[in-house]
Structure formats: structure tokens, C-alpha cells
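K.L.:
I need the structure of the sequence given here:
(2 chains)
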Protein chains: 2
Amino acid sequence: MSTDTMPSAEIVFDTLFAYQRSAALNSAIDLELFTAIDEGAQTSAAIAKRCGASERGTRILCDYLTTLGLLNKSGGIYQLSAESAAFLSKRSPAYLGTTARFLLRPELKQNFDDLTETVRLGTLSPKNHNSVSPDNPIWVEFARAMMPMMVPAAHGIADLLAVSSAGAMKVLDIAAGHGVFGITIAQRNPRAEIVAVDWKPVLAVAEENARAAQVQDRYRTLPGDAFNVDFGTGSDVALVTNFLHHFDQPTCTNLLTKVHAALKPGGRVAVLEFVSNPDRVSPPIPARFSLTMLAGTPSGDAYTFAELHAQLERAGFSNISAHALPTPETILLAHK
Amino acid sequence: MSTDTMPSAEIVFDTLFAYQRSAALNSAIDLELFTAIDEGAQTSAAIAKRCGASERGTRILCDYLTTLGLLNKSGGIYQLSAESAAFLSKRSPAYLGTTARFLLRPELKQNFDDLTETVRLGTLSPKNHNSVSPDNPIWVEFARAMMPMMVPAAHGIADLLAVSSAGAMKVLDIAAGHGVFGITIAQRNPRAEIVAVDWKPVLAVAEENARAAQVQDRYRTLPGDAFNVDFGTGSDVALVTNFLHHFDQPTCTNLLTKVHAALKPGGRVAVLEFVSNPDRVSPPIPARFSLTMLAGTPSGDAYTFAELHAQLERAGFSNISAHALPTPETILLAHK
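P.N.:
Just a heads-up that it's a prediction; the model follows:
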């Protein structure tokens, strides 16, 4: 074997050891390391003291996080990167630590321990945790954990629907979760009325958030399975956010057909999704998200715009458009 | 929260989900996916058939590997990257799949499940697997797994020591493992005699490799703990490869002092290590390797050149130099 003509094996080892990145970030969040630095601790000794940790462990963890770009280091002084200041310090209003802890829950990570079997089967192996099983208690914690991340998309949807100037409107929020999509519309339009659909224990989280946002008088809940519960009729807007990727295409079309029936003529649906390009390998986040759906659902996927367009069209929608967000997701709007 | 002034959270999520990269590569190696493509399977259907896997799972896994740069995709056709062709296809003489499987063994990965406690304690938590416990059976598999990776460094050491023109020489190979460092010298110098030190079950692997390389007549073993076994005297060269990083600095100095005593006057020691720059955050691979030592040893580290220099100097060595390799490790040479 000639070493001169060989490429570097760095990408192979970087990928093999990538699990250590997740573990390092998880530990740093556990120890409130980013918050400690944001509060002024700068050396490994000072950070260790604030975090109740050893100096050796803190130094090695901080150095590792620096190699990932989550900290900066100069002359033994650690500082937050723009991203860790914004998302990983508890002092930031955009703190994502709770989300992060949820996403690294053992039952979500464990689905990847058996990935080989899942790839063989083409659907999640019997050992895996099925995210879309009925009344899966994970969605209650999910609702609490994911809300901060969804604020930008919620405002994006409210902007695109021009809700502030829409006057009285009835909004059907399907798989509402934390409720932030409907609640944001209710906050920005005092005549908007929201009907939130989700499992009953999840709706308790949405109701809590609706009260906190002082829109509870215009917030109604409809507990149950989105495929079976009666959506009623006459809604102006339906929100289908982060939902379609859990299901196969015929199931998505069925759900959208049911949504179509619930809307007034001229009503609109807003779909929030990870949308892959036709090549399915770009942009990276939606493309990679397919693997999460492979590992955690029987037949979910990150669909392309053409696929989502076809689902909406088959369900009866027209005038279908896609709108980029500052986050990795895309909003699709369609009209009845 | 304004979304306009916020940085992207991409690095945060990329880090959180990094564990999926390890899992995807592990599954692809399990399924011989890279070998399948190297053999001519190009579409997800053809790859799936060759791998005995579902087309859906194979397509999603191949797309994910493409986002990592381990495959290329164009018009539904997958091709190996230069790196995956060199290191991940069984058809390549530099195949690293066995190494990869070893590095992703549950007991090595599990040390990172408890990283928070390790950082608190500053040493591996009682739940962790201590790599340096006596006669740890992991080293037998390690010896088999790591050999292919070490071939370039073994030739690098043989080159630096100019062994081919050195005439009769006695080489002490400490913590020999697979034995490739000593065996390479024996292959390149027919008058070199090797004495390999390691745990007895590990030396069985080295002896097997020595026989395969047809140098067994000049290959002797010295089973036991490198800190206690008698190295004898009069060696021309001592090899201390991938060993010092498991221990704290005083322990390294003690070992090197013992090595010094085993050498002839003018004898040389070759140390192979992950060497961090003084900032300890570059280059990334040695810097990150510290975390592996934090998680898996009581007090190991990836040392800087200054630290290794000090260890060697305290042990009595002089004329200490560092030599880059095409791999992420560095060779240090020093003279008695």
C-alpha cells in the first residue's frame, strides 16, 4: 500500500467519532458550561468552579467544543461563539438547551443503534420506538421542548398569511403540539379563533401556552387522532406543521383531503416541512432528516417540493407555493 | 426574539445529531454498502439487492452518506468518493471497516453516555470501561483492528530510523499490540531483531502477524505490564507507539526512564503520538483525542510537543525532534 497516493482517512474517522460531538454538547448543556462562560467565567478553572466540575474534565471538554466551533479559545481564555451565545446560554431568550436535551433522549438515540436492521427491513425494526404510535407520551415532552425552535417559523407563517390584516378568521391547527403556530396567529390577530387538534395530553401543553400568551379565550381544543377526529367545516386557514414527514405519501394525501374539506372555499393551508431538493441530498438538513424518519417512523420521509405539490394537488388544493424561512424548513401555501 | 439578527442554529443541530453520522457509517459498513457500489451496483435498487436490504432504507442511507461526502450522487446514480473507495470498500487493500467496527464497539461508545459525570470527576466514572485496566481483553481485538491504520506510521518510523541501512539492531517494541511497528523494521532490515512487550494474549496477535510477515525467527515476545516487565539492556531502538496518551505525565516520564535504561548509549526511542499544538485546540484530531482519553482512561491526554519533550528530557533523552506523518499522528525521535 503506497501512502503517497492515498487520500486522507480523516472524513472516515471524523464520521466514526461523530457520536462524541453529540455527547460533548449534551454534557456541556448538562453542566451549564455555556451559561457559565456567558456569566463571565473564562478560564477552565473558573468554568469548572461555576459548573461544579473538575478542571481537567472542563479543560478537555472546552477544548473539544472549541474544535467544533462552539467556543473560541485564545491564550487560555474561552469565549462563546455567536451560535452558542444565542442558543446554548440560559441567559439567551433563544436558549435551545431544553430542545437539545429532548433530541438526545435515549429512546430517540436508541433508534440508531439498530439502524442496520431498519435499513434491511425498510421500516423501523420492532425494537425501535415508533414516534407515530397513538398517544405516544413522547409528544408531550416534544411539545415543551420544540417550542423555542419553532418561533421563527410561526412568525413566518403568520407573515405569509398576512394574518394581522385578515380580520375575523377561524384557524385549524393540526397536530398543534406546543400550539405556537396557532397562538402566534391569535396574538397577531385579535379576531382569530384557533382550534387545536392533537392528543389530549399534548393539548394540555398548548392550552398552557395559550394562557401564557393570553389568547385562551380564543383557543379551543379538539383532542384525538388527526386522521379520525372531526375537523368540522368553515375554517379560513389550516396549519399542517411538521406532520406530513411522519407518513407515507398516500397517507399525507388522505390527511390533506380531510383538511381541504374542513376549509371554506378560498381557504388556505400552510404546510411546514423539511423540503429536500429533487436530488434528495441537498440541502443537507432536510436530506439528513429522512434518516430520522427512517429510524423512527414506519414510512415517513422528508419530501421534495414536487412530492408535496402532488399530495396537495391530489387533495384538491391549487395555487401551491413554497417559501423559504431563516430556519432549515420551508412553508408551503395552497388554496382551496 | 428577532429572527433577523440571530445566527443560524445549524451548528447546534449538526452537533446534536452527529451521533447519527456514526450510526449511518456503521450500518453502511455492516451492510457492505461501499463494497456493493465498488462492485458496480449504482442505483438504490441494485445496491439494496446486493446488500440484502430494502430499497427505501438503502436509498435514505445512501442519500445521508452523500450529504456527509462519503458518496457522490448524480441522476440517481451513486458512486464512491475517493475516501470511501480507499477505506470503506472491502476490495481496497486499505480497507478500514474492521477498525471502524472496533471503534464503534458498545463499550467504547458507552463511555460517552456518562461523559457529564466524567467531566465532573475529572477521571473516568466508575461506570466506564477503563481502557488501561490490566489484561483488558479489548486490546486483543484492538490489536487486530488497528493494524491496517498503522501501516503508514510504521513505514514512517522505519524511514526516520533509516533501518534498512542500520545493520544488526535490537529493537524493543513496547505495547506492541499488532506488532506492525517492529515487524515493519524486521521486514526492512534482515538483521533486525525484535523484542515485543505486551499482555500475553495480545502478543499472540503480534506473533501471528510476525509469522505472516515471515520474520518470526527474529521475533521474540516479553509478556507482561510494560511498567513492571524487565526490558533488559542493550537495545538500539525502542518503540513507544500510541502508549503515552493513556497515562499522566509523571507515569509517562517513569516509563521513558525505564526505556532509557534499556537502550545502548546512542540508542534511540521513537514515540508515536497524537500531538496537540500548544493551544490544545489544533490540529482538530489530536485535540479531540483528549476527550477519548478523558472518557476511557483515568488520566490520559493528547500531549503537546513541549509536554512530550519534557517527559523525554526528564527521562534522560536528548536531541529530541518531531516529524509529521501523512496520518494525524506525529513521530518523536530522541537519543540516549
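K.L.:
now A:Ala143: how far from chain B?
P.N.:
Look at A:Ala143 and chain B: by Cβ to the nearest Cβ, to the nearest Å, they are 18 Å apart. Every C-beta, even on glycine, is put in place using the N, C-alpha and C of the backbone.
K.L.:
which SSE is immediately downstream of the helix or strand harbouring that residue?
P.N.:
If you go by DSSP states H and E, A:Ala143 is part of helix A:138-160. Using DSSP H and E, the helix or strand that follows helix A:138-160 in sequence is strand A:169-174.
K.L.:
and that following strand, which strands flank it?
P.N.:
The pairing partners recorded for strand A:169-174 under DSSP bridges are strand A:192-198 (parallel), strand A:235-241 (parallel).
K.L.:
how close does the residue of the stretch 101-250 of chain A found nearest chain B sit to B:Pro201?
P.N.:
Residue nearest to chain B within the stretch 101-250 of chain A: A:Gly122 (2.6 Å; Cβ to the nearest Cβ). Using Cβ to Cβ, to the nearest Å, we find A:Gly122 at a distance of 41 Å from B:Pro201.
K.L.:
neighbour count for these two, which is higher?
P.N.:
Using other Cβ atoms under 10 Å in any protein chain shown, the more surrounded residue of A:Gly122 and B:Pro201 is A:Gly122, with 18 against 13.
K.L.:
per-residue pLDDT of that one, please?
P.N.:
Residue-level confidence at A:Gly122 comes out at 93, pLDDT.
K.L.:
do you know how far it is from A:Thr297?
P.N.:
12 Å.
K.L.:
one step back: let me know which of the strands paired with strand A:169-174 is the nearest to A:Ser74.
P.N.:
Ranking the strands paired with strand A:169-174 by proximity to A:Ser74 (Cβ to Cβ) places strand A:235-241 first, at 41.9 Å.
K.L.:
what residues of the helix or strand just after that closest one count as buried?
P.N.:
Later in the chain than strand A:235-241, the nearest helix or strand by DSSP H and E is helix A:249-262. Of the residues in helix A:249-262, A:Gln249, A:Thr251, A:Cys252, A:Thr253, A:Asn254, A:Leu255, A:Leu256, A:Lys258, A:Val259, A:His260, A:Ala262 count as buried by neighbour count, 16 or more other Cβ atoms under 10 Å in any protein chain shown.
K.L.:
and what of stretch A:202-212?
P.N.:
Buried, per 16+ other Cβ under 10 Å, within stretch A:202-212: A:Val202, A:Leu203, A:Val205, A:Ala206, A:Glu207, A:Asn209, A:Ala210.
K.L.:
can you report phi and psi for the residue nearest to A:Gly156 when sequence neighbours are not counted?
P.N.:
Spatial nearest neighbour of A:Gly156, chain neighbours left out: A:Leu325 (4.8 Å); criterion: Cβ to Cβ, 6 or more residues apart in numbering or on different chains. Main-chain torsions, A:Leu325, degrees, to the nearest 10: phi -130, psi 170.
K.L.:
A:Arg220 too?
P.N.:
phi -120, psi 150.
K.L.:
which residues does A:Ala36 contact?
P.N.:
A:Ala46, A:Ile47, A:Arg50, A:Cys51 (Cβ atoms under 8 Å, 6 or more residues apart in numbering or on different chains).
K.L.:
and those residues, which is closest to chain B?
P.N.:
Closest to chain B, out of all of the contacts of A:Ala36 and judged by Cβ to the nearest Cβ, is A:Cys51, at 8.0 Å.
K.L.:
need the pLDDT of the spatially closest residue to the closest one that is not a sequence neighbour.
P.N.:
Of all residues not flanking A:Cys51 in the chain, A:Leu31 sits nearest, at 4.3 Å (Cβ to Cβ, 6+ apart). In the prediction, the pLDDT value recorded for A:Leu31 is 98.
K.L.:
so what's the residue count around A:Leu31?
P.N.:
A:Leu31: 23 surrounding residues under other Cβ under 10 Å.
K.L.:
that one against A:Arg50, yeah?
P.N.:
No: with contact defined as Cβ atoms under 8 Å, A:Leu31 and A:Arg50 do not form a contacting pair (9.1 Å).
K.L.:
between those two, which contacts overlap?
P.N.:
Listed as contacting both A:Leu31 and A:Arg50 by Cβ under 8 Å, 6+ apart is no residue at all.
K.L.:
hmm, back to that, pretty sure the residue nearest to A:Gly156 is touching A:Pro152, no?
P.N.:
Yes: counting by Cβ under 8 Å, A:Pro152 is a contact partner of A:Leu325 at 6.5 Å.
K.L.:
comparing those two, which shows the higher neighbour count?
P.N.:
Neighbour totals were compared for A:Leu325 and A:Pro152, and A:Pro152 leads with 20 against 16 (other Cβ under 10 Å).
K.L.:
that one contacts A:Pro326, doesn't it?
P.N.:
Yes: using Cβ under 8 Å, A:Pro152 is in contact with A:Pro326, at 5.6 Å.
K.L.:
which secondary structure element is home to the closest residue in space to A:Leu71 that isn't next to it in sequence?
P.N.:
Spatially, and ignoring its direct neighbours in sequence, A:Leu71 is nearest to A:Leu65 (4.6 Å; Cβ to Cβ, 6+ apart). Counting by DSSP H and E, the element that carries A:Leu65 is helix A:55-67.
K.L.:
what's the first-to-last distance across stretch A:100-111?
P.N.:
Its start and end residues considered, stretch A:100-111 measures 17 Å (Cα to Cα, to the nearest Å).
K.L.:
can that stretch be found next to chain B?
P.N.:
Yes: residues of stretch A:100-111 contacting chain B under Cβ under 8 Å from any Cβ of the partner chain: A:Ala100, A:Leu103, A:Leu104, A:Lys109.
K.L.:
and for the helix or strand hosting the first one, what's in contact with it?
P.N.:
Mapping A:Ala100 onto the secondary structure by DSSP H and E places it in helix A:97-103. If you take Cβ under 8 Å, 6+ apart as the criterion, helix A:97-103 is touched by A:25-26, A:29-30, A:88, A:90, A:108, A:141-142, A:144-146, A:148-149, B:12-13, B:16-17.
K.L.:
check the residues you listed for burial and list the buried ones.
P.N.:
Buried members of the contacts of helix A:97-103, scored by 16+ other Cβ under 10 Å, are A:25-26, A:29-30, A:88, A:108, A:142, A:144-146, A:148-149, B:12-13, B:16-17.
K.L.:
give the buried residues for the worst-scoring helix or strand of chain A on mean pLDDT.
P.N.:
Between all helices and strands in chain A, the lowest mean by mean pLDDT, DSSP states H and E belongs to helix A:106-110, at a mean of 84. Buried residues in helix A:106-110, counted by 16+ other Cβ under 10 Å: A:Leu108, A:Lys109.
K.L.:
downstream of that helix, the next helix or strand is which one?
P.N.:
Next helix or strand after helix A:106-110 toward the C-terminus (DSSP H and E): helix A:115-121.
K.L.:
so, low pLDDT: which residues of chain A?
P.N.:
Within chain A, the stretches with pLDDT under 70 are A:1-5, A:134-135.
K.L.:
for chain B, what are the nearby residues on the stretch 101-250 of chain A?
P.N.:
Close to chain B, as judged by Cβ under 8 Å from any Cβ, the stretch 101-250 of chain A has residues A:103-104, A:109, A:112-113, A:115-116, A:118-123, A:149, A:151-152, A:155-156.
K.L.:
secondary structure element for A:Ala46?
P.N.:
helix A:44-51.
K.L.:
with A:Pro126 instead?
P.N.:
Counting by DSSP H and E, no helix or strand carries A:Pro126.
K.L.:
before we move on, what about the one 4 residues further on?
P.N.:
Counting by DSSP H and E, there is no helix or strand that carries A:Asn130.
K.L.:
with adjacent residues omitted, what lies nearest to it?
P.N.:
Distance criterion Cβ to Cβ, 6+ apart; nearest residue to A:Asn130, sequence neighbours excluded, is A:Leu124 at 6.0 Å.
K.L.:
what sits against A:Leu325?
P.N.:
Per Cβ under 8 Å, 6+ apart, neighbours of A:Leu325: A:Pro152, A:Ala153, A:Gly156, A:Ile331.
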